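[1] Any chance you can model this:
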Amino acid sequence: MKTYRLDEVTRRALEGPFMDEKDFDMKLMKRTRELVKEYDIRYDPKQPVCTDDSVADDVYEAAMRLLLEMGFYCQTTKRCITFEEGEVKRVLKSLPESLLLGSGKDAVRMDMRRVEDPRPPVIHAGPTGTLCTEGEVYVKTLRSFAQEGVIDSVGAGTLATIDGFKIRKGTPQEFRAARLLARWAREAISQAGRPGMHINDVAVVSPEAKLCALDPAYGLRPSDGIIVSQMIELKTSLQHLSLVEHLQSYGIHIGNLMTPILGGYSGGPEGTAIVNVAEHIAGVLCYSASYHYCSLTNVKNLNGTDRPGLWAISMVGQALSRNSEIMSVYDCYCASGPGEEMLLLEAAAGGIAASVAGMNVMGCGSCGGKLVDHSTGLEARMLKEAAAAAAGMSRKDANDILNKILPMYEDRLDISKAPKGKTFQELYDLASAKPKAEWQGLYDKVARELSNEPGARNRLVFHYFLFFQITKKRWARAQGDHRSLPILFPRLAGPLTPLPPTTSATSATR
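    Below is the predicted model:
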């Protein structure tokens, strides 16, 4: 995105139509329900992944209309940033079909995937903003993700404290936390033998605090990423737009984070899908985002792995992959915790639904993000392996598998019933940052059970089990070239395209 476009966005944020925020919320809620009815979009619980292309196209068209009518709300000025259809389409046509994340031998290419795409998705992994202990435990937690060969990028957790101080928004401690989160992430990927690996964020609340993480020597580099969030639903602020200004000048990847609430202002899964597609488009127009995190949450269960959630995120993925070059990343948030079979099943279900819908993946969040140190690399491995194995699978076959996996856990999705599991310290050896026998054994058990399903003849369980066996033997390591991937996925095993001769791996559209 060029500077003049951000200047124009700012002008519209200052001079656009005035509206009270509550009125915006009510208008959004009403208009979304009207569009769901007008296009006759219906959620079918028997199909966790919709197989009708026309529904995906209707969701995209409805989302475009919603954005053009409502605009992108600026909380700071109480004004709507509005757009003309022609300018929106011109910007969308300029998007790249692939991005390079990271640097050197650790760089990975993230492609714009399509519905039922045979190319395996990229995974952005990490604690995904959930609470973590500062210092060595945090470094080891991130290392547990980085040393998994299937994982392409690591993200950030939220520190419960920094030097013993509770972190509050806008305080000196939040700025210090941002700086140390970036430094500890660099330490973790270096310990894992992947110093050029893409780091996708530092999880602090204040946009201005994130600037403290930008440091080519010890913090985030231009080949890394920073998240710029939207507020629920379809909202931004001048502080977030100001962060975009500096991130563009630094040349770093921008990740557009959306946290649509299923059961909130957007209504059920149908309306949530429409609003979230509109939020993706707004993230292109106002944030110039490289990729977009779809972090859907059920208002009751604080997860996105139930049937309505999987339907909504897969519909978002299909709508975008059929009608645009917007790279959507499913942010897998689960109800259960590490050390539990349920978490692995939730991750597998999320990976399958997102993969066949044309999305890349991110995860895993657990326990509604409320418990400290409830994040490990093993559930992220499950998410990636299931998603990669589902690449190229038909949506019908994916539904057959999902309708077998979902009954294994969906009666426990209520956050009060879901098993909380154990902490990272209880499940991993801190010296090596590798899973202990108990957690690894449960992972092996789930893999075997999935492979023995009556549907084992299809691509998912066959490839999944084979993929698991290979990774168990070839990637149980702390050092080495992470690109030595099995021939099962030759695209990932092939050579990477060299970085262009610039100071950044970000796209030329910035």
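
[2] use CA for all of it now, contacts and neighbours both
    Noted.

[3] pLDDT averaged over stretch 206-224, what's the number?
    Mean pLDDT, computed over stretch 206-224, is 98.

[4] Please read the previous query as pertaining to stretch 47-66.
    99.

[5] Same check on stretch 180-193?
    Mean per-residue pLDDT for stretch 180-193: 98.

[6] now swap in stretch 14-26 and tell me
    On average, stretch 14-26 scores 98.

[7] what's the answer for stretch 361-379, then?
    94.

[8] what's the answer for stretch 117-132, then?
    96.

[9] cool, stretch 333-351 as well?
    Averaging pLDDT residue by residue across stretch 333-351 gives 97.

[10] ends of it, how far apart?
    Distance between the two ends of stretch 333-351: 11 Å, counting by CA to CA, to the nearest Å.

[11] ditto for stretch 322-336
    Per CA to CA, stretch 322-336 runs 32 Å from first to last residue.

[12] Could you double-check that Ser336 sits in contact with Ser416?
    No: if you go by CA atoms under 8 Å, Ser336 and Ser416 don't touch, sitting 9.9 Å apart.

[13] Those two: who's more crowded?
    More crowded of Ser336 and Ser416, by other CA atoms under 10 Å: Ser336, with 30 against 12.

[14] Give me the distance between that one and Ile415.
    Ser336 sits 8 Å away from Ile415, taking CA to CA as the criterion.

[15] Could you tell me which residues touch both of those two?
    By the contact definition CA atoms under 8 Å, 6 or more residues apart in numbering, Ser336 and Ile415 are jointly contacted by Cys367.

[16] what are the phi and psi values for Leu214?
    phi -80, psi 110 (degrees, to the nearest 10).

[17] residues contacting it?
    179, 220-221.

[18] swap in Met231?
    258-259.

[19] List the beta-bridge partners for it.
    Lys235 (DSSP bridges).

[20] where do the strands sit along the stretch 51-200 of the chain?
    72-74, 79-81, 98-101, 108-111, 123-125, 131-132, 153-154, 158-159, 161-162, 165-166, 198-199 (DSSP state E, counting those that start in this stretch).

[21] Not counting the fourth one itself, show me its contacts.
    Going back to what we said before, that points to strand 108-111. With CA under 8 Å, 6+ apart, strand 108-111 has contacts from 97-102, 121-122, 152, 327, 496-497.

[22] Just checking: what are the partner strands of that strand?
    Counting by DSSP bridges, strand 108-111 is paired with strand 98-101 (antiparallel).

[23] avg pLDDT for the strand it pairs with?
    Per-residue scores along strand 98-101 average to 98.

[24] Okay, buried residues for it please.
    Applying a neighbour-count criterion of 16 or more other CA atoms under 10 Å, the buried positions in strand 98-101 are 99-101.

[25] Can you lay out those residues as TSV showing distance to Gln47?
    Formatted as TSV, these follow (distance: CA to CA, whole Å):
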residue	distance to Gln47
Leu99	32
Leu100	34
Leu101	34
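
[26] still on that earlier bit, could the contacts of strand 108-111 go into TSV alongside distance to Leu66?
    Listed next are those as TSV, based on distance: CA to CA, whole Å:
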residue	distance to Leu66
Glu97	25
Ser98	27
Leu99	28
Leu100	32
Leu101	32
Gly102	35
Pro121	29
Val122	30
Asp152	34
Met327	20
Leu496	39
Thr497	38
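
[27] so which of those residues comes closest to Leu406?
    Pro121 (21.9 Å; CA to CA).

[28] neighbours around the closest residue to the closest one other than its chain neighbours, how many?
    The shortest distance from Pro121 to any non-neighbouring residue, by CA to CA, 6 or more residues apart in numbering, is to Asn360 (4.7 Å). Using other CA under 10 Å, Asn360 is surrounded by 30 other residues.

[29] any idea how far Asn360 is from Tyr293?
    Asn360 is 9 Å from Tyr293, by CA to CA.

[30] Overlap of the contact sets of these two?
    Counting by CA under 8 Å, 6+ apart, the residues touching both Asn360 and Tyr293 are 328-330.

[31] Closest one of those residues to Ala192?
    Nearest to Ala192 out of the shared contacts of Asn360 and Tyr293 is Val329 (CA to CA; 24.1 Å).

[32] For that closest one, give me its contacts.
    Val329 neighbours (CA under 8 Å, 6+ apart): 291-294, 359-362.

[33] Lys169 now?
    205-206.

[34] And it, what's its pLDDT?
    Note on Lys169: pLDDT of 94.

[35] can you offset everything so residue one is 228?
    Okay, residue one is now 228; in that scheme the one you just asked about reads as Lys396.

[36] follow-up on the earlier one: name the nearest of the shared contacts of Asn587 and Tyr520 relative to Ala334.
    Val556 (17.9 Å).
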